[in-house]
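**Q** Quick one: sequence and predicted model below, then my questions.
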Amino acid sequence: MSFVRFYTIKSSGGLKVEVSNLGAKITKLLVANRKGEVKDIVLGFRTAEEWRTKETYFNAICGRVANRIKDGVFELDGETYHLPINNGPNSLHGGLEGFNAKIWDVTAQCAHEITLHYRAKDGEEGYPGNLDVWVTYTATKDNRLVIHYEAKTDAPTLVALTNHSYFNLAGEDSGRVDDHVLQVHAEQFTPFDEFTCPTGEIVPVEGTPMDFRQPVRLGDRMNDPFFAPWKGIDNNFCLCAGDAPKELRHACTLEADGRTMECWTTMKGLQVYTGNWIERNEGKSGTIYDEQHAVCLEAQNWPDSIHHDDFPDVVLRPGDKLDEITEYRFL
């Protein structure tokens, strides 16, 4: 039997992170505000059983492919692959039991860093190839939480990872995120169809409710009629062109309660999700969580990329290596 365990890393600057081998989840993230008040800013639960059964994407690594694949089917090198359907007609976050539900191996740990590894076997959740994935969390002395993703495969496959942390910068027990202020450095976005899969269009944010190029209070925007089909924001922003070179980009800034968090990433997209479907549950401190009590800033490649030539390439082949970084910087 595999056991759920929890590990703590921390930096000399005061950043403290608890990570679990279940789903490589961030189970606590303690950050001080400008007054020196320290709070845990990610939603979560008390027990291993709750982490297994309640809100299983909370703060987890999602894969093999984060977000949606339309109709749960794709073609690669002339072969057609069918994936489990778990989100309307689509396959979401790796299928019925994605990386978020797996027990990972801890392969290295020190005071400020931990590396976890998972091997997804050929055929798991319908994907080809044995895929080895490593995720390293580092708490730096200048209060950055760095997530380093690496992956290798023995056969052509798809891989597009993300961390699905549910942030509330006022503290995980503080309720709705209406007073959070968000700025996203994106000029374009990918419109969705009725089943939340991209239509293939790449559209300017200008003149739409998707324009977050200037800071916006979430409570003033996330319930705009534009977002009604998703009960709030749940949309992909294009941080750069699909074929742009890899570099660390400033994706967004989130502010609340005297805390400022910047997201920097080598990924080409940012899925912003305002916790629209959070189930009513008791959280780690006894507070009742509910819809829009958190915001997710999922640095990733664009949804359903395998079906759109202009979207980022998510095919990984033998001899190549996936190597991506996302940083959450606390100012």
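**A** Ah, there it is. Numbers count the residues shown, from 1 in each chain.

**Q** Leaving out chain neighbours, which residue sits closest to Ile288?
**A** Excluding the flanking residues, the one nearest Ile288 by CB to CB, 6 or more residues apart in numbering is Glu282, at 5.8 Å. For the C-beta atoms, the positions are set from N, CA and C on the backbone; glycine is no exception.

**Q** now the residue nearest to Ala48 when sequence neighbours are not counted: how far from Glu113?
**A** Leaving aside its chain neighbours, Ala48 sits nearest to Val4 (3.8 Å; criterion: CB to CB, 6+ apart). To Glu113, Val4 is 21 Å away according to CB to CB, to the nearest Å.

**Q** What separation do you get for the nearest residue to Asn223 once chain neighbours are set aside and Gly286?
**A** For Asn223, ignoring the flanking residues on the chain, the nearest one in space by CB to CB, 6+ apart is Gly232 at 6.6 Å. Gly232 sits 25 Å away from Gly286, going by CB to CB.

**Q** what does Phe58 give?
**A** Per CB to CB, Phe58 is found 16 Å from Gly286.

**Q** So those two - more neighbours on which side?
**A** Just comparing Phe58 and Gly286: by other CB atoms under 10 Å the higher neighbour count belongs to Phe58, 26 against 8.

**Q** Please identify the helix or strand for the more buried one.
**A** Assigned by DSSP states H and E, Phe58 belongs to no helix or strand.

**Q** In the chain, where is pLDDT below threshold?
**A** For the chain, the stretches flagged by pLDDT under 70 are 1.

**Q** relative to its centroid, which residue of it is most remote?
**A** Gly78 (30.3 Å; CA atoms, centre = their mean).

**Q** Flag every buried residue along stretch 316-327.
**A** Within stretch 316-327, the residues that count as buried by 16 or more other CB atoms under 10 Å are 316, 322, 324-327.

**Q** roughly how far is stretch 303-320 from the heart of the chain?
**A** 18 Å (CA atoms, centre = their mean, to the nearest Å).

**Q** got a list of what the closest residue to Thr274 other than its chain neighbours touches?
**A** Spatial nearest neighbour of Thr274, chain neighbours left out: Gly232 (4.0 Å); criterion: CB to CB, 6+ apart. Gly232 makes contacts with 222-223, 273-276, 291-292, as judged by CB atoms under 8 Å, 6 or more residues apart in numbering.

**Q** how close does Gly232 get to Ser12?
**A** 38 Å.

**Q** so how far is Thr80 from the residue nearest to Ala48?
**A** From Val4 to Thr80 the distance is 36 Å (CB to CB).

**Q** one step back: mind checking what secondary structure the residue nearest to Asn223 has?
**A** Following DSSP: H, G, I helix; E, B strand; the rest coil, Gly232 is assigned to coil.

**Q** cool, Glu125 as well?
**A** Glu125 ends up helix, using three-state DSSP.

**Q** right, and it touches Leu83 too?
**A** Yes. Counting by CB atoms under 8 Å, Glu125 does reach Leu83; the two are 6.3 Å apart.

**Q** So for these two, which residues contact both of them?
**A** With CB under 8 Å, 6+ apart, Glu125 and Leu83 have common neighbours Gly95.

**Q** which residues does Gln214 contact?
**A** Counted by CB under 8 Å, 6+ apart, Gln214 has contacts Gln183.

**Q** Not counting its own residues, what contacts the host helix or strand of Asn235?
**A** Using DSSP H and E, Asn235 sits within strand 234-238. Residues from elsewhere that reach strand 234-238 (CB under 8 Å, 6+ apart): 67, 184, 186-190, 192, 196, 198, 202, 205, 210, 212, 227, 251-252, 268-274, 276, 302-303.
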